[in-house]
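*Asks:* I need the structure of the sequence given here:
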Amino acid sequence: MTKKQAAHEAVRLLKEAYPDAICSLEYRKPHELMIATRLAAQCTDARVNIVCVDLFDKYRSVRDFAEANLTDVEEIIKSCGLYKTKAHDIIAMCQMLMEKYNGELPDTVEELTKLPGIGRKTANLVVGDVFHKPAIVCDTHCIRITNLLGLTEGKDPVKVENQLRPLLPPEESNDFCHRLVLHGRAVCVARRPQCDACVLKVCCKHYKDTYKLK
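*Replies:* Numbering: from 1, shown residues only. Next up, the predicted model:
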């Protein structure tokens, strides 16, 4: 089985196992997804969703965030960790959106990554979920599981993204990444993967190598 064949098989199997490929971060407006993802760095999605209830209730638009009081934002998001840096980035990115993009999120990774605090992971998530364009979100689950599958090598997100792009059907790539998160939490758990119960074992290099399968 070639890497491309393995990738397509993984897409098919994960689609069957997790038909609802949804982002675990809760949002109603495009900018809210961008902000929630920034808050999720070194923090659980569950905690971010709790914090964002109050945050998005008080600051309802890009303009609201651009004009927000830094100390107030820090206080609201404090439990997310790294709150001073995150609060600064949130206000700065919204100020830039107002100044250069008329308050609207750009629809490309290249433009989104010009915003303060926005890396390729967040940019790809926004491009895929908000604008429904092909995107590959290389978070820890994606990197770890595609390494195990033998589709990618290394832990550098950009390199993994570039390795995956020619292997995945573009129209499936965004949902594939969401399903990897679900699978990484439920079955292919870091430090204790449940290989025998894994639907991907038929196309997983790690499983074949571990159990000496031909």
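*Asks:* Which residue is the nearest non-sequential neighbour of the residue nearest in space to the middle of the chain?
*Replies:* Centroid check for the chain by CA atoms, centre = their mean gives Val137 as the closest residue, at 4.7 Å. In space, and not counting its chain neighbours, Val137 is closest to Cys177: 4.2 Å by CB to CB, 6 or more residues apart in numbering. C-beta: built from backbone N, CA, C; applies to glycine.
*Asks:* Next: Gly117.
*Replies:* Gly117 sits nearest to Asp89 (CB to CB, 6+ apart), 2.9 Å away.
*Asks:* what's the next secondary structure element after the strand or helix carrying the one you found?
*Replies:* Here Asp89, judged by DSSP states H and E, is contained in helix 83-101. Using DSSP H and E, the next helix or strand after helix 83-101 towards the C-terminus is helix 109-112.
*Asks:* Can you tell me what sits against the lowest-mean-pLDDT helix or strand in the chain?
*Replies:* When each helix and strand of the chain is scored by mean pLDDT, DSSP states H and E, helix 205-210 comes last, with a mean of 93. The contact list for helix 205-210, computed with CB atoms under 8 Å, 6 or more residues apart in numbering, reads 6, 148-150, 193, 195, 198, 200-201, 213-214.
*Asks:* list the buried ones in stretch 166-173?
*Replies:* Neighbour-count burial for stretch 166-173 flags 167-168, 172-173 (criterion: 16 or more other CB atoms under 10 Å).
*Asks:* mind checking how far stretch 117-133 is from the chain centre?
*Replies:* The chain centroid and the centroid of stretch 117-133 are separated by 8 Å, computed with CA atoms, centre = their mean, to the nearest Å.
*Asks:* Over to that stretch now: how far is its first residue from its last?
*Replies:* 22 Å (CA to CA, to the nearest Å).
*Asks:* Okay, now the unreliable bits of the protein?
*Replies:* 213-214 (pLDDT under 70).
*Asks:* Okay, domains of it per the record?
*Replies:* Following the TED database, the chain resolves into domains at 3-21+137-211, 30-131.
*Asks:* can you pull out the helices in the chain?
*Replies:* Assigned by DSSP state H, the helices in the chain fall at 3-17, 30-39, 45-58, 62-66, 70-77, 83-101, 109-112, 120-129, 140-149, 157-164, 170-186, 205-210.
*Asks:* Can you convert the ones you listed into CSV and add a column each for distance to Ser24?
*Replies:* Listed next are the helices of the chain as CSV, based on distance: least, CB to CB, whole Å:
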stretch, distance to Ser24
helix 3-17, 15
helix 30-39, 10
helix 45-58, 4
helix 62-66, 22
helix 70-77, 18
helix 83-101, 18
helix 109-112, 20
helix 120-129, 11
helix 140-149, 11
helix 157-164, 19
helix 170-186, 7
helix 205-210, 25
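*Asks:* What about Asn69, how many residues nearby?
*Replies:* 11 (other CB atoms under 10 Å).
*Asks:* State the distance from it to Glu75.
*Replies:* 9 Å (CB to CB, to the nearest Å).
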